[in-house]
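Chemist: All I have is the shape, not the residue letters:
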Ligand SMILES: Cc1ncc(COP(=O)(O)O)c(C=O)c1O
């Protein structure tokens, strides 16, 4: 038979899903691998979805999304992200942040174009690059996981089309500072590039760190595509509701692409999203307080267990490096850990070419499980005489 798509055939099944499959086999499994918060969507959001269903709002919604929701998203971008230029016509509603990402890649890419990424980074960017026949240029992060902005500048060629950023970051928890964003903006402008900014973790910030949207710089309005979703902020990963803003021409292209691929987003859910984005998540202060406690606890335990740790200031992940003395790749470490102690951590090589010696730990789980998980890691290391 003739060959199938190389890009899809050659992409790996998600390392996270593989871990889950292993973990599911044990009754006492603890997952530090999960990429979703441990809370669920608020009732005031769910009630609106139920109401819309009862009113039989089950027919196609417009491909760009409900006009009221698009207006609410535009206001959110203006008020919360200081993107004063965003109007309803600059917004499209999507099936989660994932479809927003796909639309960015689809509208920006021609085969052979190059995309620059700080590595490690969220895995979908790597495979989307291959599905859209882009050349992926991974620039390793600095020792403290800061983006290497000089390295990014030096990686630009005439074929570079866009830089992809995610701050706060999955998997490192790194948050761009104002100074770093200023410099990135300068690089984008000087080289006539586009910038895609994935802001799904914007609300998960610790120690007075702030979120800066690059599209808040006036001169970036035309060339920045900003995406976000209800998934993380509202504990609503299963609602599949995201949104993206861009210049009018790009949104027009996204509309066409959406018409022929997904034909819109779940109609009743969009009514819930209107409420969600108008009110925000009222529980966020308590959630952040509790996640900060988990963050500090994880950091302390990892240090005690002799990992090489870098304090994260955003999202709900921590990415320690394995102690070089252990002489083990993260893939071997996490496979043995899951098999012997039923604790799942995602190996770093799931996030690019420069993180083979690190693990991603999601601390968005209960305090009890977090404590028990680290105790099991301690027993695992002791049994192997590594500590
Ligand atoms: C950085 C980042 N962007 C986008 C997504 C996808 O979000 P969604 O679940 O809304 O598709 C995720 C999910 O884990 C993520 O971590």
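Modeler: Done, it's in. Please read these numbers as outputs of a predicted model, since none were measured by experiment.
Chemist: Against which helices or strands is the longest helix along the chain packed?
Modeler: For the chain, the longest helix by residue count, based on DSSP state H, is helix 284-304. Helix 284-304 is packed against strand 317-318, helix 367-383, with contacts defined by 3 or more Cβ pairs under 8 Å, 6 or more residues apart in numbering; DSSP states H and E. For every residue, glycine as well, the C-beta is placed using N, CA and C.
Chemist: what's the most buried one of the ones you listed?
Modeler: Comparing the helices and strands packed on helix 284-304 by mean neighbour count (mean count of other Cβ atoms under 10 Å), strand 317-318 ranks first with a mean of 25.
Chemist: how about that one, does it reach the ligand?
Modeler: No: residues of strand 317-318 contacting the ligand under Cβ under 6 Å from any ligand atom: none, with a closest distance of 8.7 Å.
Chemist: Mind giving me the packing neighbours of that strand?
Modeler: helix 284-304, strand 359-362.
Chemist: how distant is the next helix or strand after it from the center of its chain?
Modeler: Following strand 317-318 in sequence order, the next helix or strand is helix 330-341 (DSSP states H and E). On the basis of Cα atoms, centre = their mean, to the nearest Å, helix 330-341 is displaced by 24 Å from the centre of the chain it belongs to.
Chemist: Residues in contact with helix 330-341: which ones?
Modeler: 19, 22-23, 29, 322, 326, 343-349, 355-359, 376-377, 379-380, 383 (Cβ atoms under 8 Å, 6 or more residues apart in numbering).
Chemist: what's the answer for stretch 359-374, then?
Modeler: By Cβ under 8 Å, 6+ apart, stretch 359-374 touches 30-38, 170-171, 291, 293-295, 297-298, 301-302, 305, 316-320, 322, 330, 333-334, 343, 345-348, 350-351.
Chemist: Selecting buried members of those in PyMOL, what would you type?
Modeler: Buried residues among these (16 or more other Cβ atoms under 10 Å), as a PyMOL selection:
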select buried, resi 30+31+32+33+34+35+37+38+170+171+291+294+295+298+301+302+305+316+317+318+319+320+322+330+333+334+343+345+346+347+348+350+351
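Chemist: Output the set of residues of the protein in proximity to the ligand.
Modeler: 35, 96-98, 122, 166, 170, 198, 200, 229, 231, 237, 242.
Chemist: Pull the most distant pair out of those.
Modeler: Farthest-apart pair in the residues of the chain next to the ligand is 166 and 237; separation 16.4 Å (Cβ to Cβ).
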